[in-house]
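Peer 1: based on what follows, work out the 3D shape:
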Amino acid sequence: SSFSFPPAISFADRREVERVVARALLSLPRRWAGRYVPFRGSFSFPPCAGGLTWEEERELRGLGVPSLREPGDRRRLSAGMGRHWPDARGVYVVEDRRLFV
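Peer 2: Modelled structure (predicted):
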């Protein structure tokens, strides 16, 4: 399947990208085992509807995970990075917390 880039991607396609990517990440070998969590306020990933809790988000920020909030600069917004925020966006965290996708 092919998908559009952020300026043109549809709501449904963005959710499909999340589904495909999350499934691929969750099927990684045990060495890279972890969990996928949508950003706080996202209901696009049914196994974790509502996304990160405040505490989880604070912990991930402390570990250096960037981009957990809606983009606010003009360049990112004009590129469509904020469309449908935070729907279909999340982070994959490896169990040892040394890798984030």
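Peer 1: ranges for the helices of the chain?
Peer 2: Ranges of helices in the chain, per DSSP state H, are 11-26, 54-62, 74-78.
Peer 1: off-centre distance for the second one?
Peer 2: What it means is helix 54-62. Its chain's C-alpha centre and that of helix 54-62 lie 14 Å apart, by CA atoms, centre = their mean, to the nearest Å.
Peer 1: identify the residue nearest the residue nearest the centre of the chain in space, chain neighbours excluded?
Peer 2: With distances taken as CA atoms, centre = their mean, Gly90 lies nearest the centre of the chain, 1.7 Å away. Once flanking residues are discounted, Gly90 sits nearest to Pro38: 3.9 Å by CB to CB, 6 or more residues apart in numbering. Placement of C-beta: from N, CA and C, glycine included.
Peer 1: where in the protein is pLDDT low?
Peer 2: Counting by pLDDT under 70, the ranges of the chain that qualify are 1.
Peer 1: that one: strands as residue ranges?
Peer 2: 34-38, 90-94 (DSSP state E).
Peer 1: format the helices of the chain as a markdown table; extra columns: distance to Trp32 and mean neighbour count.
Peer 2: Compiled in a markdown table, the helices of the chain are given as follows (distance: least, CB to CB, whole Å; neighbours: other CB atoms under 10 Å):
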| stretch | distance to Trp32 | mean neighbour count |
| --- | --- | --- |
| helix 11-26 | 8 | 15 |
| helix 54-62 | 17 | 13 |
| helix 74-78 | 28 | 11 |
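Peer 1: Arg97: which of these is closest?
Peer 2: With CB to CB as the measure, helix 54-62 is the member of the helices of the chain nearest Arg97 (8.7 Å).
Peer 1: tilt between the closest one and strand 34-38?
Peer 2: Counting by axes from the mean of the first three to the mean of the last three CA atoms, to 10 degrees, helix 54-62 lies at 110 degrees to strand 34-38.
Peer 1: hmm, who's touching helix 54-62?
Peer 2: Helix 54-62 is touched from outside by Val37, Phe39, Arg40, Leu52, Leu68, Val91, Val93, Phe100, with contacts defined as CB atoms under 8 Å, 6 or more residues apart in numbering.
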